[in-house]
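> Pasting a predicted model and its sequence here:
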Amino acid sequence: MSDADMTELDDIPIKRPVRWHIAVFLAPAFIVYSAIMVLPLIETLRLSFYNLVDGVPTFVGLSNYRVLFGDLRWSHDFWNALRNNLIFFAIHMCVQNPIGIALAALLSTPKLRFVAFYRTAIFLPTLLSFVIVGFIWKLILSPIWGVAPWLMSLVGMKSLFAPWLGQSGPALVAVSLISNWQYIGIPMMLIYAALLSIPEEVIEAAECDGITGWSQFWKIKLPLILPAIGIISILTFVGNFNAFDLVYTIQGALAGPDMSTDILGTFLYRTFFGFQLQLGDRSMGATIATVMFLIILAGVSFYLFAIQRRMRRYQF
Amino acid sequence: MIRVTKGMLLAATVLASAGMAHAADVKLTIESWRNDDLAIWQEKLIPAFEAKNPGIKLVFSPTAPTEYNASLNAKLDAGSAGDIITCRPFDASLELFNKKQIVDLTSLSGMSNFSPVAKAAWSTDDGKSTFCVPMASVIHGFIYNKDAFEKLGISVPKTNDEFYAALDKIKKDGTYIPLAMGTKDLWEAATMGYQNIGPNYWKGEEGRAALIAGKQKLTDADWVKPYEELAKWKPYLGDGFEAQTYSDSQNLFTLGRAAIYPAGSWEISLFNTQAQFKMGAFPPPVPKAGDTSYISDHPDIGVALNAKSAHQEEAKKFLTWVASPEFAEIYANALPGFFSLNSTPVKMSDPLAQEFVSWRGTSKPTVRSTYQILSRGKPNLENETWVESANVINGTDTPKVAAEKLQKGLDSWYKPAK
């Protein structure tokens, strides 16, 4: 028998029943996801290529993008929003996530008491509505009725208090820190879970080798939770570049003072829906939304292809 | 044959159910941003109308002021907006009319009750069609704490010098914050500040018309001067005014912690219920004694008819009632500070409201400079004015720089007809 005959025999397909159930079970998720996520996204992309010409929606190609990046005012607003957004993101990465990791590390120390209480207390703000968080912090930081100036005067630091939310420099930092305060529970919880999943044996082995305390955290635990940190970074990135709600509740749609807290989300809102006497411009709004989508897409792809692939994973 | 019978049966069912719901009980929904007025509508205005027009039921359904325009536009586009639309003045409503989303009301019988000036805010640029029934205007000025003024022996300031002298005196005394105004919400600085004192400098309608015609620029002395005055207000504002919101300012004044409140007349009813002291009001002080006084008497609220409403006739009945002196009287008294635009003078019982409205006799009225035509483009002049007014008071921008920024933004899209 030749080789060819052999392969012929192997190629005879085994008759299997059509597995309809796969399609049936996938359908609901697929339909719902397409209807409320994919289609609107495609529609937004499409809308960004159209604009009103003499009151009639017309295909205008890339001219909306040309206006957004070419027109002096539009591009000024856009770059301002993007820069603020990057600062917003940087503050989250430098404050929220390290503190979240530190808190998780503290919580996972075996001798700590009241762990459940701390865990709940720190996670609680995350569960609060951004409207409540915005309102509470506006009151806390209010120079007139706020608790902050009073508390600071108790420790003799009243002179350091300033109406931060109303000053164009500190306002963005203040809003970012409020957001940090609200969402710090998320990195904490994820890292905490990752730390708990490190097997006892690894820790014990480290202890036998004389690695304890801080060096144990740096050398053993941190490498093991790096994938979780990566996930947190990407969640923060996506969340920050989609952010809108907190700035809107604290500083309003004009993201004052002097546009200093304007991020892409508020810029999109003002453009798409209009504000006060300014009428909404859907095409330009869709254009901004598309650019935001591309920024997030670029960030996520960078993470997936450049970072996550190189990350070493350990299996136990 | 069967089909016909079926159709008849269907029609009968539909008719029967309609009949059961009460003979021709038509429900009209009113879209509005005045959620503060909900009680007044439900307790006074709606019963008054329904008593006279059996078979028409009114539902007042307000949205938050800052979200109103966006949500209304979305609802109108989707065809789910109410029958009666409350109109913002000028371009926002003109846009709705141009999109044929609201109906031409020029021929409505009650329209003759309004002067062309009153109708201007809701008419096409050529003044030929009017699309909203004018409901109310608001007047800018200053409300002051009478008790504080008496205690400190200050008389009501008429000129700028007297105004600053009074502020100095209040500041020196230290009991009160001289001016209750913050810049956090931006619009306070623009609306209660710039648009309040501005007309005295740009000479009301004269300057506004010249600006629209392109004969004047925002960088001209007449338009920069109000900013220079605003910049002088900074030392008289409360501690941390940069983060003081609109409601903070209201509370500071009504709690008696501040002496003067740069105001719009819409505050009157709220202040009446909250303030425990006597209040008075004065118009924006004139630059020099003997100068003509100008006030901002700004048409603020109108009502229109949704073109897609299924009950055009009933809605017109309602609008005719809104245009009547009867409505004007109930409304102006229920909401002191919202002054009727009706040509028939309305008797008002509130002393503070009377004080405000009396300026109509002594000053020349004008409307807010940024509202008509000039806020059609992007960047939006009104929004920019908010930002820059706050900047001027905060000291972020000098009056000159602020004016230049505004003019530059306006120049980028506005080409006045030559």
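In hand now; what should we look at? Everything numeric here is computed off the predicted structure, so don't read it as measured data. Numbers count the residues shown, from 1 in each chain, chains lettered A, B, ... in the order given.
> Next one: B:T159 from B:W202, what distance?
Using Cβ to Cβ, to the nearest Å, one gets 18 Å for the distance from B:T159 to B:W202. Any C-beta I mention is one placed from the backbone N, CA and C, and that applies to glycine too.
> Who has more neighbours out of those two?
Per other Cβ atoms under 10 Å in any protein chain shown, whichever of B:T159 and B:W202 has more neighbours is B:W202, with 24 against 15.
> count of neighbours near the nearest residue to that one once chain neighbours are set aside?
For B:W202, the nearest residue in space outside its immediate sequence neighbours is B:D222; the separation is 4.5 Å by Cβ to Cβ, 6 or more residues apart in numbering or on different chains. Residue neighbour count, defined by other Cβ under 10 Å, stands at 18 for B:D222.
> got any ranges where the chain has weak pLDDT?
Assuming you mean chain A. Counting by pLDDT under 70, chain A contains low-confidence residues at A:1-12, A:315-316.
> wrong one, chain B
For chain B, the stretches flagged by pLDDT under 70 are B:1-24, B:417-418.
> OK, now which residue of it is nearest to chain A?
Nearest residue of chain B to chain A: B:G240, at 2.3 Å (Cβ to the nearest Cβ).
> That residue and A:P163 touch, don't they?
Yes: with contact defined as Cβ atoms under 8 Å, B:G240 and A:P163 form a contacting pair (3.6 Å).
> Figure out the helix or strand that the residue nearest to B:W202 lives in.
Applying DSSP states H and E as the criterion places B:D222 in helix B:221-233.
> Check which helices and strands that helix is in contact with.
With contacts defined as 3 or more Cβ pairs under 8 Å, 6 or more residues apart in numbering or on different chains; DSSP states H and E, helix B:221-233 has these neighbours: helix B:195-197, helix B:199-202, helix B:204-213, helix B:381-394, helix B:399-411.
> Taking helix B:204-213 as reference, get the angle to it.
Relative orientation of helix B:221-233 with respect to helix B:204-213: 120 degrees, computed using axes from the mean of the first three to the mean of the last three Cα atoms, to 10 degrees.
> can you list the domain ranges for chain B.
Structural domains assigned to chain B are B:2-137+B:298-351, B:138-297+B:365-411, following automatic domain parsing.
> Please identify the helix or strand for A:G299.
Taking DSSP H and E as the criterion, A:G299 maps to helix A:282-301.
> how about that helix: buried residues?
When burial is assessed from 16 or more other Cβ atoms under 10 Å in any protein chain shown, helix A:282-301 yields the following buried residues: A:282-293, A:296, A:299.
> Specify which member of those residues is nearest to B:W321.
When these are ranked by distance to B:W321 (Cβ to Cβ), A:R282 comes first, at 36.4 Å.
> Correct me if wrong: that closest one contacts A:F272.
Yes: taking contact to mean Cβ under 8 Å, the distance of 6.2 Å between A:R282 and A:F272 places them in contact.
> Just confirm yes or no for stretch B:362-378 near chain A.
Yes: legend: contact between stretch B:362-378 and chain A by Cβ under 8 Å from any Cβ of the partner chain is shown at B:T370, B:Y371, B:S375, B:K378.
> Whichever strand or helix holds B:G141 pairs with which strands, and in what direction?
Secondary structure here is read from DSSP H and E; on that basis B:G141 sits in strand B:133-145. Strand B:133-145 has the following strand partners under DSSP bridges: strand B:258-264 (antiparallel), strand B:279-282 (antiparallel), strand B:294-305 (antiparallel), strand B:339-340 (antiparallel).
> nearest to B:M111, of those?
Taking Cβ to Cβ as the criterion, B:M111 comes closest to strand B:294-305 out of the strands paired with strand B:133-145, the separation being 11.4 Å.
> Please identify the residues of the stretch 1-150 of chain A in proximity to chain B?
Looking at chain B, the residues of the stretch 1-150 of chain A close enough under Cβ under 8 Å from any Cβ are A:L72, A:R73, A:W74, A:K138, A:L141, A:S142, A:P143, A:I144, A:W145, A:P149.
> rerun that using 10 Å as the cut-off
Residues of the stretch 1-150 of chain A lying close to chain B (Cβ under 10 Å from any Cβ of the partner chain) are A:55, A:67, A:71-74, A:76-77, A:138-139, A:141-146, A:149.
> can you redo the residues of stretch B:362-378 next to chain A as a markdown table with secondary structure and neighbour count?
Converted to a markdown table, the residues of stretch B:362-378 next to chain A look like this (DSSP: H, G, I helix; E, B strand; the rest coil; neighbours: other Cβ atoms under 10 Å in any protein chain shown):
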| residue | secondary structure | neighbour count |
| --- | --- | --- |
| B:T370 | coil | 26 |
| B:Y371 | coil | 22 |
| B:S375 | coil | 26 |
| B:K378 | coil | 20 |
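> Between which two of the residues you listed is the distance greatest?
B:Y371 and B:K378 (16.2 Å).
> ok, whatever residue of the stretch 51-200 of chain A ends up closest to chain B - how many residues close by?
Among the residues of the stretch 51-200 of chain A, A:P143 lies nearest to chain B; the distance is 2.3 Å by Cβ to the nearest Cβ. Burial measure for A:P143: 23 neighbouring residues, criterion other Cβ under 10 Å.
> Give me the spatial nearest neighbour of it, chain neighbours excluded.
B:G240 (2.3 Å).
> got a list of what the one you found touches?
The contact partners of B:G240, by Cβ atoms under 10 Å, 6 or more residues apart in numbering or on different chains, come to A:141-144, A:146, A:149, A:161-167, B:182, B:184, B:248.
> Return the member of those residues nearest to B:T362.
Ranking the contacts of B:G240 by separation from B:T362, with Cβ to Cβ as the measure, puts B:G182 on top at 30.0 Å.
> What are the phi and psi values at the closest one?
Backbone dihedrals for B:G182, given as degrees, to the nearest 10, come out at phi -120, psi 170.
> Next, count neighbours for it.
Other residues close to B:G182 by other Cβ under 10 Å number 29.
> so how far is B:F241 from it?
For B:G182, the distance to B:F241 (Cβ to Cβ) stands at 5 Å.
> quick check: angle from the helix or strand encompassing B:E329 to strand B:133-145?
With the criterion set as DSSP H and E, the secondary-structure element containing B:E329 is helix B:325-334. Interaxial angle, helix B:325-334 versus strand B:133-145 (the same axes, to 10 degrees): 20 degrees.
> List the contacts of helix B:325-334.
With contacts defined as Cβ under 10 Å, 6+ apart, helix B:325-334 is touched by B:37, B:39-41, B:43-45, B:48-49, B:52, B:110, B:113, B:133-136, B:269, B:301, B:318-322, B:324, B:338-350, B:353, B:357.
> Swap in 6 Å and give it another go.
B:I40, B:K44, B:A48, B:W321, B:S340, B:N342, B:T344, B:V346, B:M348 (Cβ atoms under 6 Å, 6 or more residues apart in numbering or on different chains).
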